[in-house]
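Here is the input, now give the coordinates:
(one chain, ligands or ions: 1)
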Amino acid sequence: MGKETMSRGALIVFEGCDRCGKTTQCAKLKEKLVDEGEDVELVKFPDRTTPIGKLINSYLQMTEELDDRVAHLLFSSNRWEAMELMKKKLKAGTTLIVDRYAYSGIAYSSAKGMDLDWCKNPDVGLIQPDTVIYLSVSEEIASQRSHYGGERYEKLEFQKKVHKNFLELQEPYWEVVPGDASVDDIHKQIHSIVRKTINQSKSKPLLKLWT
Ligand code: NYM
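Numbering: from 1, shown residues only. Okay, here's the model as predicted:
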């Protein structure tokens with residue numbers, strides 16, 4: 001076995017519409033895996049702490065206006081600037097739980113009417129996730145959760161389009177988890193999926209997304 005394929009960490013991505021419960025589930029999953037002795041870290045996109053992320057934050061909070069294409073490319077750049085470090089951590093055996101990834105980039109931008117393939121291109125070659133957990137929650141329920149409506153995109157009709165786009169992006173390594181059950185029930189379901197993924201990913205090479 002080559003060095004690069006020895007017991008690497010798994011890349012676990014969470015996707016879903018706004019207020020689907022991803023952030024709560026990411027935190028619970030991390031806590032559980034740490035208890036089980038796994039080396040695990042959380043990653044969140046957009047990463048609003050970098051210079052690019054700060055610009056994205058202003059855009060989302062609507063204090064900055066950007067051309068749709070520029071905004072799309074900034075979200076993608078924000079992922080690319082994290083790739084080297086993520087690759088290093090995965091190879092060193094750290095499992096990464098990622099709150100949003102390229103699929104969000106495409107689902108949200110194409111909901112504005114942008115061409116889906118154009119939107120996909122900048123993210124081609126990112127590290128391919130081992131599993132994508134798609135938390136599927138009705139937009140009506142999501143819209144009743146706290147803080148909904150505060151940022152750009154948090155409108156019912158828009159979220160319906162985003163959900164439809166997400167489903168078009170499904171890959172064989174996606175797991176659609178209904179997000180309307182109790183937090184603990186959803187957590188148990190996710191944990192069993194992720195446990196399997198971590199064990200199966202150990203000896204697999206890291207692949208490039210959409211190549
Ligand atoms: N978003 C997120 C995009 O439009 N493109 C992207 O590439 C990513 C990663 O940012 N409404 C949108 C989706 C969300 C918003 O997400 C911020 P969060 O998870 O609320 O921080």
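
Looks like Phe14 contacts Val98 (just checking).
Yes - using C-beta atoms under 8 Å, Phe14 is in contact with Val98, at 6.8 Å. The C-beta positions use only the backbone N, C-alpha and C, and glycine is treated the same way.

Give me the more crowded residue out of the two.
Shown here are Phe14 and Val98; by other C-beta atoms under 10 Å, Phe14 has more neighbours (27 against 22).

quick one: secondary structure of the more buried one?
strand (DSSP: H, G, I helix; E, B strand; the rest coil).

Could you do the one 3 residues further on as well?
Remark: Cys17 carries the secondary structure label coil [criterion: three-state DSSP].

residues touching it, list them.
Contact analysis of Cys17 by C-beta atoms under 8 Å, 6 or more residues apart in numbering lists Val137, Glu139, Ala142, Gln159, Val162, His163, Phe166.

Quick check: the two most widely separated of those?
Within the contacts of Cys17, Ala142 and Phe166 form the most distant pair, 12.9 Å apart (C-beta to C-beta).

what packs against the least confident helix or strand in the chain by mean pLDDT?
Every helix and strand of the chain was ranked by mean pLDDT, DSSP states H and E. The lowest is helix 139-144, at a mean of 76. Packing partners of helix 139-144 (3 or more C-beta pairs under 8 Å, 6 or more residues apart in numbering; DSSP states H and E): helix 156-168.

Just the CA atoms of the helix it packs on, as CSV, please.
Extracted C-alpha coordinates of helix 156-168, given in CSV (Å, rounded to 0.1, in the frame of the first residue of the first chain):
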residue,chain,number,x,y,z
LEU,A,156,-39.1,30.8,0.3
GLU,A,157,-39.4,30.8,-3.5
PHE,A,158,-35.6,31.0,-4.0
GLN,A,159,-35.0,28.1,-1.5
LYS,A,160,-37.4,25.9,-3.5
LYS,A,161,-35.3,26.5,-6.6
VAL,A,162,-32.1,25.8,-4.6
HIS,A,163,-33.5,22.5,-3.4
LYS,A,164,-34.5,21.4,-6.9
ASN,A,165,-30.9,22.2,-8.1
PHE,A,166,-29.4,20.3,-5.3
LEU,A,167,-31.3,17.2,-6.3
GLU,A,168,-30.0,17.5,-9.9
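
Contacts made by it with the rest, please.
Here helix 156-168 has contacts from 15-18, 103, 106-108, 110-111, 116, 134, 136, 139-140, 142-143, 153, using C-beta under 8 Å, 6+ apart.

rerun at 10 Å
Contacts of helix 156-168 from elsewhere in the structure, counted by C-beta atoms under 10 Å, 6 or more residues apart in numbering, are 15-20, 103-104, 106-113, 116, 119, 132, 134, 136-140, 142-143, 148-149, 152-153, 155, 174, 176.

And the next helix or strand after that helix, what's buried?
Later in the chain than helix 156-168, the nearest helix or strand by DSSP states H and E is strand 174-178. Within strand 174-178, the residues that count as buried by 16 or more other C-beta atoms under 10 Å are Trp174, Val177.

Thank you kindly, that will do.
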